[in-house]
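[1] Fold the following and give me the result.
(chains A and B)
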Amino acid sequence: MDSCAQCRFCVADPAALERAIPGLGILSSAYGSVRADTALCEKRGVFVTLAHWCPGFRPKVPAEQES
Amino acid sequence: MSTKESWDESSGGAPARKAGWSDLVLKEDWWAIWLGLGLMIVAVILFTNGSTLLKSLAINPGGLKWSSLGQLGSHFQQNAGTYFTQFICWLVLFGVSARIMGIKLSQFIPSFAVLYVLSMVMFSIAGWVNAAKFNLEAPLVALVIGLIIANVAPLPKWMDAGFRVEYFIKLGIVLLGATFPITLVVTAGPVAIAQATIISLVTCLVIYFVGTRVFGLDKRLCSVLGVGGAVCGVSASMAIAASVNAKKEDLYTSVSLVVGWALVMIIVLPFASRALGLNAGVAGSWIGTSEFADAAGFAAAATYGKMVGNEDLAIKAFTLMKVIGRDLWIGIWSFVFALIATVVWEKSETGRKPEAMEIWWRFPKFVIGFFVASILMTMITSSYSTADFNNLVRPNLILPLVSLRTWAFIFCFLSIGLTTRFRELKAVGWKAFSAFSIGVGVNVILGYILSVHVFGAHWSSLH
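    Prediction:
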C-alpha cells in the first residue's frame, strides 16, 4: 500500500522538519526518539506518521527516493 | 466538500510501523547513550588501571576562582594542549555521530568550534572569584549571552547545525546517571512518579478543557498545547501532533509558547526559590514540576543549586521529578490521544489506528542510558569502603565524569540562547496564550504545593 513514506509531499527528514518549523530545535529536536516517524504533509499542512495514507498520495520522483 | 475533507474522510491507517534498527544510529537519544556509556566505561577502565588521563582531560576553568586576568591567562597558557586535545575529542565524538545522523560536517565543525570557545568563556566568567556575588552562574550567563548574540548580532542560521540543544542535554543526563546512585532512584523515584503523574494529568486536562470549552479553540491545538505544558514541551507536542493530525501552525504555536514560558521560568524560578528560602532538593522538585523542557529545567535547577552551594542536590531532585517522573508520560499521552482521536473524534479524522506500541516508539530512549549508567556505576563502586570512595573513587572517577557532564550542560545552555531568535517565533493569539498560561500557572502553583507542603519532608531529606 502506498503510504506517506513514499509520498512526494511528505517531509520526514529531520533537518527539513527543523527548517519547516522555526524554533523547533531550541528546546526540542527532530532527531529525537519521541518524534518516532512523525512527518509533515506539505500539501495538507498537517502532521502524519509515515504509515498514514490518503487519496492525495503522489509518488516521489526517483531522485527524491534516492535521497 | 473541500479537497482536504474528502482526503480526511477516505484516508486510513496503513499496517503497523516497524521499529527500525536504524534508529540505533539515526536518533540522537541512542547516540547520547552510546557516547555517555562509552565515556563512562573508558573512565572506569582508566581508573582501574591507575591512569589519570581522564582526570586531566576533563578540565574546565569553572572552578578556578581567579581574581586577575593574569591568573586566568596563566591557566590557559599552562593547559593549552589539554584544552586542544579535549576539543578534538568532543569534536570527533559529536562530529562522527552528527554525520551519521545526517548533519553536514561542513556546518557542524565550525559551529561546534565556536560553541566550544564560547563555552570556555562562560566557564571562565563563572570561575571568577566574585561571580557568585553578581549571580554570574554559568547556566544563566550562558543563556543570557547566547540570547544577546542570537538577537543582536546573530550568527548565520546554518550554524544551528552545531547547536544541538537536545543532543547535549541527553548526553549530560546519561553522564548524570553515572554519578546518580540507583538506590536513590529506587527510594525516591516512586514519590517523584506519583507527583509527576498528578501534575501531568491535571495540567494537561486544564489546558485542554480551558482551551476547548472556555476559549473554543480547536481540539487538536489544545491537545498539542496540553501535552506540551504537562509533559515535555515541544518534544511532547511533536509526538502528539502526528497522533491527532495537528496542523503545522499548531506545533508552531506550541514552540512559541513553550520557548517563551521556559525562558521566563529559567530566570524566575531560581530567584523565587531563593526568595522563599527553599531547600535545594525541594526547589529541584518544584522546578521539575514547573518547567516543561528538560534543557530549560536543568538550567534553572543548576542555577539555583549554584546559588545555594548545592548544585548536586538540586539537579538530583530535578532529574527524579522531570526525567524519571514526567518524561515517561510522552508515549502514554501519545497513545491516549491517538485512542481519543480514533474512538471519540472518529477514525476518519486521523486516518490511523492507535497502537499500544506507540508508548515504546515515542519513549525518550536516553532515559534507558541514564538507568544503565546508574546501575553499572553503583555496582562498580559498591565494593569500595566509604573512605576509599571519598579519597580514591570520587576524585579520580566521579569528579572527571561530573566535569564532562558540566561541559555537555554548558554546550546545551549556550545553544538554547544561540538558537533563540525571537523574531522567528510565531505571534500567538490571545486565546492560545491564555489557555497555555493558565496551565503554566497550575503547573507552578500545584508543583509548589506538592513539592513544599505535601512531599516537602521527602524532598528536603534527599541527599
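[2] Check the offset of stretch A:28-47 from the chain's centre.
    How far stretch A:28-47 lies from its chain's middle: 6 Å, per CA atoms, centre = their mean, to the nearest Å.
[3] got it, and stretch B:133-150?
    17 Å.
[4] and it, does that touch chain A?
    No - judged by CB under 8 Å from any CB of the partner chain, stretch B:133-150 and chain A are separated, with a smallest distance of 9.7 Å. Where you see a C-beta, it was placed from the backbone N, CA and C, and this is true even at glycine.
[5] Tell me which residues of that stretch come out buried.
    B:136-143, B:145-147, B:149-150 (16 or more other CB atoms under 10 Å in any protein chain shown).
[6] contacts for it?
    When contacts are defined by CB atoms under 8 Å, 6 or more residues apart in numbering or on different chains, stretch B:133-150 is touched by residues B:62, B:118-119, B:121-123, B:125-126, B:128, B:131, B:155, B:263, B:266-267, B:270, B:298-300, B:302-303, B:306-307, B:406, B:409-410, B:413-421.
[7] quick one: average pLDDT of it?
    The pLDDT scores in stretch B:133-150 average 92.
[8] Residue B:39 touches residue B:177, doesn't it?
    No - using CB atoms under 8 Å, residue B:39 is not in contact with residue B:177, being 11.5 Å away.
[9] which of the contacts of stretch B:133-150 count as buried?
    Buried among these by 16+ other CB under 10 Å: B:62, B:118-119, B:122-123, B:125-126, B:128, B:131, B:155, B:263, B:266, B:270, B:298-300, B:302-303, B:306-307, B:406, B:409-410, B:413-421.
[10] Contact partners for residue 25?
    All of this is about chain A. A:18, B:160, B:163-166, B:419 are the contacts of residue A:25 under CB under 8 Å, 6+ apart.
[11] my question was about chain B
    B:31, B:100-101.
[12] Kindly report the residues of the stretch 251-400 of chain B close to chain A.
    B:251-252, B:255-256, B:258-259, B:262, B:293, B:295-296, B:330-331, B:351-352, B:358, B:361-366.
[13] How about residue B:119: what's its closest non-neighbour residue?
    Spatial nearest neighbour of residue B:119, chain neighbours left out: residue B:410 (4.7 Å); criterion: CB to CB, 6 or more residues apart in numbering or on different chains.
[14] Now the strand or helix carrying that neighbour - C-alpha only, PDB.
    Element membership for residue B:410, per DSSP states H and E: helix B:399-419. Taking Å, rounded to 0.1, in the frame of the first residue of the first chain, the C-alpha atoms of helix B:399-419 are listed here in PDB:
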ATOM      1  CA  LEU B 399      34.500  14.100  39.500                       C
ATOM      2  CA  PRO B 400      36.000  13.800  36.000                       C
ATOM      3  CA  LEU B 401      32.600  12.400  34.800                       C
ATOM      4  CA  VAL B 402      30.900  15.300  36.600                       C
ATOM      5  CA  SER B 403      33.200  17.700  34.700                       C
ATOM      6  CA  LEU B 404      32.400  16.100  31.300                       C
ATOM      7  CA  ARG B 405      28.700  16.400  32.200                       C
ATOM      8  CA  THR B 406      29.100  20.000  33.100                       C
ATOM      9  CA  TRP B 407      30.700  20.600  29.600                       C
ATOM     10  CA  ALA B 408      27.700  18.900  28.000                       C
ATOM     11  CA  PHE B 409      25.300  21.100  30.000                       C
ATOM     12  CA  ILE B 410      27.100  24.300  29.100                       C
ATOM     13  CA  PHE B 411      27.100  23.300  25.400                       C
ATOM     14  CA  CYS B 412      23.300  22.900  25.900                       C
ATOM     15  CA  PHE B 413      22.600  26.100  27.800                       C
ATOM     16  CA  LEU B 414      24.600  28.200  25.400                       C
ATOM     17  CA  SER B 415      22.900  26.500  22.400                       C
ATOM     18  CA  ILE B 416      19.500  27.400  23.800                       C
ATOM     19  CA  GLY B 417      20.500  31.100  23.800                       C
ATOM     20  CA  LEU B 418      22.200  30.900  20.400                       C
ATOM     21  CA  THR B 419      19.200  29.300  18.700                       C
END
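[15] can you give me how far it is from the chain middle?
    With CA atoms, centre = their mean, you get 11 Å for helix B:399-419.
[16] Give the next helix or strand downstream of that helix.
    Assigned by DSSP H and E, the successor of helix B:399-419 is helix B:430-448.
[17] Just the C-alpha atoms of whichever helix in chain A runs longest, please, in CSV.
    Longest helix of chain A, by residue count under DSSP state H: helix A:14-20. In CSV, the C-alpha atoms belonging to helix A:14-20 read as follows (Å, rounded to 0.1, in the frame of the first residue of the first chain):
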residue,chain,number,x,y,z
PRO,A,14,14.8,15.8,10.5
ALA,A,15,16.8,18.7,9.0
ALA,A,16,13.9,19.6,6.7
LEU,A,17,11.4,19.4,9.6
GLU,A,18,13.5,21.7,11.7
ARG,A,19,13.6,24.2,8.8
ALA,A,20,9.9,23.9,8.3
